[in-house]
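# Build me a structure from this.
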Amino acid sequence: MADTKPYVIVDGLAVGRLLKGMNIPGGVGRDFSMREYTVADLIDAETEASALSPITFNAHLLVRQLVQLGDFKGPFTINMIRALKPADWRVLRAAQQELEELGEAEPASAAPS
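Okay, the predicted model is just below:
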């Protein structure tokens, strides 16, 4: 069966298309790009929402990771994330999780001898 993910990972960015779209200035954006999070993003997201509240924490992390949606390059807000349809939330979360997994993968050449 073919891979039918609505995004791909290209050069450390998740690039894809939301199913329903997000309200952005000037209309609705569907095509997105998202970068891997940084430690600063984690700290900032935790400042906004406790890591003990995973949905809210991950939403605040997404606000920081989104690079572009349609022609809109931010800033993204938590209210934009809150307004997503569940299907689009799942797309962004899947991309977020895959970026995290790729960031944690240590290349064989970097392994200690």
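
# Counting neighbours, which bits of the longest helix along the chain end up buried?
As assigned by DSSP state H, the longest helix anywhere in the chain is helix 86-104. Within helix 86-104, the residues scored as buried using 16 or more other Cβ atoms under 10 Å are Asp88, Trp89, Val91, Leu92, Ala95, Gln96, Glu98, Leu99. Where C-beta positions appear, they are placed from N, C-alpha and C, glycine not excepted.

# what residues are up against the nearest residue to the second one once chain neighbours are set aside?
I take that to be Trp89. Leaving aside its chain neighbours, Trp89 sits nearest to Ile81 (7.7 Å; criterion: Cβ to Cβ, 6 or more residues apart in numbering). Residues near Ile81 by Cβ atoms under 8 Å, 6 or more residues apart in numbering: Ala59, Leu62, Val63, Trp89.

# Now do the SS call for the closest residue to Lys85 other than its chain neighbours.
Nearest residue to Lys85 in three dimensions, chain neighbours excluded: Lys20, at 4.3 Å (Cβ to Cβ, 6+ apart). Secondary structure state of Lys20, per DSSP: H, G, I helix; E, B strand; the rest coil, is strand.

# circling back: going by secondary structure, the residue nearest to Trp89 is in what exactly?
Using DSSP states H and E, Ile81 maps to helix 78-82.

# pLDDT averaged over that helix - what is it?
Computed over helix 78-82, the mean pLDDT rounds to 96.

# those strands in the protein, which residues are they?
7-10, 13-24, 27-35, 66-69 (DSSP state E).

# in stretch 44-58, what counts as buried?
Ala45, Ala49, Thr56, Phe57, Asn58.

# shaky segments in this structure?
For the chain, applying pLDDT under 70 flags the ranges 1-3, 104-113.

# which parts of the helix holding Ile81 are buried?
Quick answer for helix 78-82 (16+ other Cβ under 10 Å): Met80, Ile81.

# and it, how far from the chain's centre?
Centroid displacement of helix 78-82 relative to its chain, using Cα atoms, centre = their mean, to the nearest Å, is 13 Å.

# Equivalent analysis for stretch 4-24, please.
The answer for stretch 4-24 is 9 Å, by Cα atoms, centre = their mean.
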